[in-house]
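Undergrad: dropping the sequence and predicted coords here.
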Amino acid sequence: MAELKYAEAVRAALAAEMQADEDVLIMGEEVGALGGVFTTTKDLIEQFGPERVIDTPISESGFVGWSIGLAAEGFRPVVEIMFSDFVLLALDQIINLGAKVRFMSNGQFNVPLVIRMPGGGGTNHGPQHSQSLESIFAQVPGLIVAMPATAADAYWMLRDSIRCDDPVIFIESKGLYFREKGEVDESEGPRGFGARVARPGTDITVVSAARMLHRCIEAADALAAAGGPSCEVIDLRYIWPLDTDTIAASLAKTNKLAVIHEPVEFSGWGGEVAAWAAASQFEQLDGPIARLGARRVPIPFQPHLEDEVVPSVARIEATLSDLHGY
Amino acid sequence: MAELKYAEAVRAALAAEMQADEDVLIMGEEVGALGGVFTTTKDLIEQFGPERVIDTPISESGFVGWSIGLAAEGFRPVVEIMFSDFVLLALDQIINLGAKVRFMSNGQFNVPLVIRMPGGGGTNHGPQHSQSLESIFAQVPGLIVAMPATAADAYWMLRDSIRCDDPVIFIESKGLYFREKGEVDESEGPRGFGARVARPGTDITVVSAARMLHRCIEAADALAAAGGPSCEVIDLRYIWPLDTDTIAASLAKTNKLAVIHEPVEFSGWGGEVAAWAAASQFEQLDGPIARLGARRVPIPFQPHLEDEVVPSVARIEATLSDLHGY
Amino acid sequence: MSRAAEGRAGAGGAAATIDVDQALSLYRQMVLIRGVEVEIETLHKRGRMTGSFHSSMGQEACAAGVCAALRQSDIVTSNHRGHGHAVAKGIPIEGIFAELFGRSTGVSGGRGGSMHLHHRESGFLGENAIVAGGLPWAGGAAWARKKRGLTDVGVAFIGDGGFAQGVTHEVLLMARYWEAPLVIVCENNGLAHSMASERLFGEPGSITRIVEATGVRSEFVDGRDVIAVAETAAAMVEHARTVGPAFIECQVFRVKPHSLSDPDYRYREKDAGQAWLETHDPILALRRRLGEDQGEALDRIDAEVAEEVAAASAAAEAAPQTPVEAALENVYLTAELNKNG
Amino acid sequence: MSRAAEGRAGAGGAAATIDVDQALSLYRQMVLIRGVEVEIETLHKRGRMTGSFHSSMGQEACAAGVCAALRQSDIVTSNHRGHGHAVAKGIPIEGIFAELFGRSTGVSGGRGGSMHLHHRESGFLGENAIVAGGLPWAGGAAWARKKRGLTDVGVAFIGDGGFAQGVTHEVLLMARYWEAPLVIVCENNGLAHSMASERLFGEPGSITRIVEATGVRSEFVDGRDVIAVAETAAAMVEHARTVGPAFIECQVFRVKPHSLSDPDYRYREKDAGQAWLETHDPILALRRRLGEDQGEALDRIDAEVAEEVAAASAAAEAAPQTPVEAALENVYLTAELNKNG
Ligand SMILES: Cc1ncc(C[n+]2csc(CCOP(=O)(O)OP(=O)(O)O)c2C)c(N)n1
Ligand SMILES: Cc1ncc(C[n+]2csc(CCOP(=O)(O)OP(=O)(O)O)c2C)c(N)n1
Ligand SMILES: [Mg+2]
Ligand SMILES: [Mg+2]
């Protein structure tokens, strides 16, 4: 229907769910009059009023915990953490309470809460504003971890997440807000938790997500153009639940696996994908499992330094070439 | 020299370093008159005075940040977080400041700080007092992650950590404090970051650490006694830096790898070990990489339920048997 | 003593009085809390329970007095020392015992134990084993009720130690900002484990002054006097229902060691708890105040409660242990996600 | 105007006076801060710098006045809006420009940019891009000096928004508890991005009252008046050096949008900043106060500073870009660990 930028798609999803369900609330710093530092809540306060679009003080732990209370009472808060780096201030509330209260109460409560946050780099904001933290959330029982890579997924996955009865960590790629755009068809329905083949191929299965997905596709296209391997690029969409069926189906065809992501490689979620394959797809593997994530250093603010730290298209290409050459 | 319990070894290491270096300070809740809820700082305040053994308010974020300030000024604070679960309150200070300030300041500051915390289960304290969080720290640039499994390592690794010029997350297994004991030879020196073969074997390399190490050894012994595989059990000691050389050397012999740990299996550090092997040891592998960690659910307080969640000896045995049978 | 027990004007200002029936009801609550705590301690000492246990003995007047001001639909959150709050809010005590025994009939299915009581039906949202961790939830939940047009309030119990947590201040400021119907009750028992509250905040009442300066209505009350607590709580709950947040600092005393295994002789006189109880027991104080007249009624309550506690404890223990499969249940509401346990 | 500029008694109480030389020095600092901020804004608008940028224009008197009370060995931590604090504490401005240009000659090696200035030599421990994130560090570092027997103090700058962070309260209580030589300076510029500080805390001075209630010595000062700030700071720094922690709420105004790209017209009058500056510019105010007599001296300062800024900016820009390898350096001090980058 409409071509939207990634940031616009987020905003449209919020507006649609606010419209559809009075229990949906928006909370966070600067979500009101300002409309969000990345414009994702622009004009929503005018449309839905300050009772539903709620500016919070700079008290991440407090307002995230507060939103858990609202959610346990049946509201559907969508909380924005301005940069995902700040969520570290709220991890106690998220991990020790929000994620566990259903278990701890033996099902008396559920927490239909979405915590949105722009993650990753690409905007020169420096070491305390550019981290990729999804690998932390992936291991927390009780949470769902959503990472849209496209405008359509930013839209549909956010709508799905708001309708979900369990807490969702919804990580948007700040580097995609204004660079990524695409068709968003409002007549579509929920998209579910499954992964998606973003670029078909036959030689290597490349598993990725979010901002790095686009670098993987770019690298795959470049390799194909240069007569290199044909890469099938999978967009995970959710880090948890992890859709291993889609990966397995691809692997049955390619027999080679690469995992590429923006978080630090060491102990990142790419290790999970690789370990899953090394355990359950061993027979399918015709070569080592390649993995590329950020180096284990903080993220510098300058683009040329950041590209030395997080996977660049060039390094992704090199990784895939090496694997193909095995 | 002396046979010490794990908790006593921790205490002895603290006392030794306090004695050796006036800049070593102890901070935390209940470290003073009470002597620590697990007795690890017992009588130290009498010996070293309240200027060096410092009781803090229940302000984890504040006092951990405060200790970063002390460390950057050249003190060597050893901070205790009473249960590792509470460290979630201090992650902003640890990750956004303590781990990064050397990088951010281009080397103007370093942070010789040890943050000690009892992790894992085994004491019936329930879902907010039994988590294993080392996989979070493993991925943070700037941190070292130490996890002693024996009394001797509790002693030496803590002494090494206190002498280290960079921040160390030192996770003690609360389930081992009073159950594990061993010789501690004070005449030994630093032990370095390397892993250690805790039980030699020839058929399977079993990588583990901390409390689970003992379960792995128990399982390996049981399997051997029953005529099953001969397992070489490796005690990692440090999750980061990860001593891949020791694992590779073992793997060259066994050609089969299993990784067993207490944290949630999904996206845990076991994935890192498996992914490293699947990438760089592919030629050595004669079978899938087996992995076992906690299920992705909170930790219930009762022992029989906890054993359903974290790897039990029986499930470890089954995992290793399966792998042997491959 | 006249039919209407002389109520000391609660700091709330309203010259409320508590009549004898109400006083008897407060008495019953206190005796019930005491009975539950004593029974749990006994069971632990006999090795029939495991897990942690923080007794609220001596602090009964705060739980009973505050919860007397609440309706069933009002909500309460609590901390690690929460059995008294749970009992006073009306959780069936058999469900409490069963939870501590690790039985599937426990209020939380027997997986959480002493620090994880939840009972939504009674408006008892839950304890929380993270100091001050339950405060934001209480704020959000109370505010939710107001947003729904209800007049329910939320009461969040914390200890003096909880006042050192940053999130407490965040919630105070947010509650004021959003005019949430939240009453924070800070049970100042003089100690956060071994840390003397006087060292950190100053003499009792200091916490109240700090909160007052934020603009949140605040009162300091003697937590040995259940009638004073009940009156103050009534006024503050009313304030929360109609105006905005309120704060009560309730001066109490921790009779028992911090937890079952706590060597409190390392930081206070060995018999500090018992000595205090002998002179300041809030239950005996109310007994004395109600006078001879009520002796019979009080004895009857004592007997009834003793029986109730014994029966509940026995029934709880007789229930089946939580089965192992339960370890993996109720993590998600979304059905397809539970498979991943 | 007499040689000794009439000092308004700082809230510190001491009837201090600031002489003309000191006033000229304060003037120079303010002009230098202004010059640096204007230059940075210009460079950004010309596309010669990237990264974030939060201008402290209009708030110069706070930075200059507070840092005038400090010795080089005293320490300062700051926040995202920290260029003024850095300049006032004595960081060489070329190192600041170079950091923002991403040059290896930047004070932090050019990897952090605007929100990550660190200069240990000047006692400027660092900015911090996490709101209130630098406070505990300041407390610990100041306390460390005291533990070493030194008389240095620490000053931690936060904004009004930073007062909503829980850790601020934790640090206040800890500083009081440990009698740390820490001065927290809260620059209340009326806004935390778009959030009006009056909504959250009440009228200016409310934050001071909250802190006062904790027992930490507190003063509220008009941050347009650099002499008042300098006097108050002198008194509070002296208090910290000799007694214990202190707190200053400094009422200032944020002239520019929150950051370079901030559409502040969405939440305040489009020309609010410019309008304020025309009537309240602290630099012009000091100029007026010093009077005609000093006109020449002031003009000379203006000219010298303009030259200094231009030269530093040009030199910084001419330095080599930080090389890519630097992205992996200085993560650990332990040599063998850096290999793992
Ligand atoms: C975040 C956190 N830190 C530390 C603890 C350990 N702990 C449990 S209770 C307690 C003392 C609490 O003191 P207070 O709030 O005064 O309650 P009281 O025990 O006196 O009732 C401590 C330190 C915890 N449970 N959570
Ligand atoms: C923990 C955290 N939350 C949010 C932000 C985003 N942020 C940066 S500055 C700012 C406003 C700060 O207001 P204040 O402290 O008053 O300082 P001012 O900008 O007015 O100087 C916000 C919300 C952040 N950097 N850190
Ligand atoms: Mg207490
Ligand atoms: Mg401000």
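TA: Cool, got the structure. Numbers count the residues shown, from 1 in each chain, chains lettered A, B, ... in the order given. Ligands and ions are numbered 1, 2, ... in the order given.
Undergrad: which stretches of the stretch 51-200 of chain A form helices?
TA: A:60-72, A:91, A:101-104, A:134-138, A:151-163 (DSSP state H, counting those that start in this stretch).
Undergrad: close to chain C, is the third one?
TA: Yes. Counting by Cβ under 8 Å from any Cβ of the partner chain, chain C is contacted by helix A:101-104 at A:101-104. For glycine as for every other residue, the C-beta is placed from the backbone atoms N, C-alpha and C.
Undergrad: most tightly packed of the helices of the stretch 51-200 of chain A?
TA: Greatest average neighbour count among the helices of the stretch 51-200 of chain A goes to helix A:60-72 (a mean of 30), per mean count of other Cβ atoms under 10 Å in any protein chain shown.
Undergrad: how far off centre is that one?
TA: Relative to its chain's centre, helix A:60-72 lies at 21 Å (Cα atoms, centre = their mean, to the nearest Å).
Undergrad: tilt between it and helix B:60-72?
TA: When axes from the mean of the first three to the mean of the last three Cα atoms, to 10 degrees is applied, the directions of helix A:60-72 and helix B:60-72 differ by 160 degrees.
Undergrad: hey, what's the closest residue in space to C:E212 that isn't next to it in sequence bridged with?
TA: Beyond its immediate neighbours in the sequence, the residue positioned closest to C:E212 (Cβ to Cβ, 6 or more residues apart in numbering or on different chains) is C:S218, lying 4.4 Å away. Beta-bridge partners recorded for C:S218 (DSSP bridges): C:F247.
Undergrad: what does the stretch 101-250 of chain A put close to ligand 3?
TA: Residues of the stretch 101-250 of chain A found near ligand 3 (Cβ under 5 Å from the ion): none.
Undergrad: which residues in the stretch 101-250 of chain A form strands?
TA: Here the stretch 101-250 of chain A has its strands, by DSSP state E, counting those that start in this stretch, at A:114-119, A:144-146, A:168-173, A:181-184, A:196-199, A:204-208, A:231-235, A:238-240.
Undergrad: now for the residue of chain C found nearest ligand 3, how many residues are close by?
TA: Taking Cβ to the ion, ligand 3 has its nearest neighbour within chain C at C:G159, 3.6 Å off. If you count neighbours by other Cβ atoms under 10 Å in any protein chain shown, C:G159 ends up with 27.
Undergrad: my read is that it contacts C:I184, right?
TA: No. Using Cβ atoms under 8 Å, C:G159 is not in contact with C:I184, being 11.4 Å away.
Undergrad: my read: A:A224 touches A:E232, true?
TA: No. Contact criterion Cβ under 8 Å: A:A224 and A:E232 do not qualify, at 11.1 Å.
Undergrad: for the closest residue to C:V252 other than its chain neighbours, grab the count of nearby residues.
TA: Nearest non-adjacent residue to C:V252, counting by Cβ to Cβ, 6+ apart: C:G223, 3.7 Å away. By other Cβ under 10 Å, 30 other residues sit near C:G223.
Undergrad: then A:E46?
TA: 12.
Undergrad: adding distance to A:G293 and mean pLDDT, write the helices of the stretch 51-200 of chain A out as CSV.
TA: Listed next are the helices of the stretch 51-200 of chain A as CSV, based on distance: least, Cβ to Cβ, whole Å; pLDDT from 0 to 100:
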stretch, distance to A:G293, mean pLDDT
helix A:60-72, 26, 98
helix A:91, 21, 98
helix A:101-104, 30, 98
helix A:134-138, 9, 98
helix A:151-163, 21, 98
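Undergrad: OK, contacts around the nearest residue to A:D160 once chain neighbours are set aside?
TA: Spatial nearest neighbour of A:D160, excluding adjacent residues (Cβ to Cβ, 6+ apart): A:P190 at 5.0 Å. Residues in contact with A:P190 (Cβ atoms under 8 Å, 6 or more residues apart in numbering or on different chains) are A:156, A:159-160, A:163.
Undergrad: pick out whichever of those sits closest to ligand 2.
TA: A:R159 (26.3 Å; Cβ to the nearest ligand atom).
Undergrad: need the nearest residue in space to the closest one, chain neighbours excluded.
TA: A:A13 (4.9 Å).
Undergrad: just the pLDDT at residue 190, thanks.
TA: Going with chain A. With respect to pLDDT, A:P190 scores 92.
Undergrad: you answered for a different chain; I wanted chain C.
TA: Taking C:G190 on its own, its pLDDT is 98.
Undergrad: surely it meets C:F201?
TA: No. Using Cβ under 8 Å, C:G190 is not in contact with C:F201; the gap is 10.6 Å.
Undergrad: name the spans of the chain whose pLDDT lies under the cut-off.
TA: If you meant another chain, say so; for now it's chain A. Filtered on pLDDT under 70, chain A yields the residue ranges A:1.
Undergrad: right idea, wrong chain: chain C
TA: The low-confidence ranges in chain C, as defined by pLDDT under 70, are C:1-16, C:340-341.
Undergrad: over to the residue of the stretch 201-341 of chain C found nearest ligand 4: give its phi and psi.
TA: At 18.3 Å from ligand 4, C:T214 is the closest residue in the stretch 201-341 of chain C, using Cβ to the ion. When quoted as degrees, to the nearest 10, the phi and psi of C:T214 stand at phi -80, psi -10.
Undergrad: need the contact list for residue 151.
TA: Going with chain A. A:3-6, A:8-9, A:180-184.
Undergrad: not what I meant, chain C
TA: Taking Cβ under 8 Å, 6+ apart as the test, what C:T151 contacts is C:145, C:181, C:241.
Undergrad: which SS class is it?
TA: Under the three-state scheme (DSSP: H, G, I helix; E, B strand; the rest coil), C:T151 adopts coil.
Undergrad: quick one: it from C:T242, how far?
TA: To C:T242, C:T151 is 8 Å away according to Cβ to Cβ, to the nearest Å.
Undergrad: for residue 187, grab phi and psi.
TA: I'll assume chain A. phi -80, psi -10.
Undergrad: that was the other one, I meant chain C.
TA: Taking degrees, to the nearest 10 as the convention, C:E187 sits at phi -80, psi 100.
Undergrad: bridged to it, which residues?
TA: Here C:E187, judged by DSSP bridges, has bridge partners C:G159, C:C250.
Undergrad: C:R289: how many residues sit nearby?
TA: 16.
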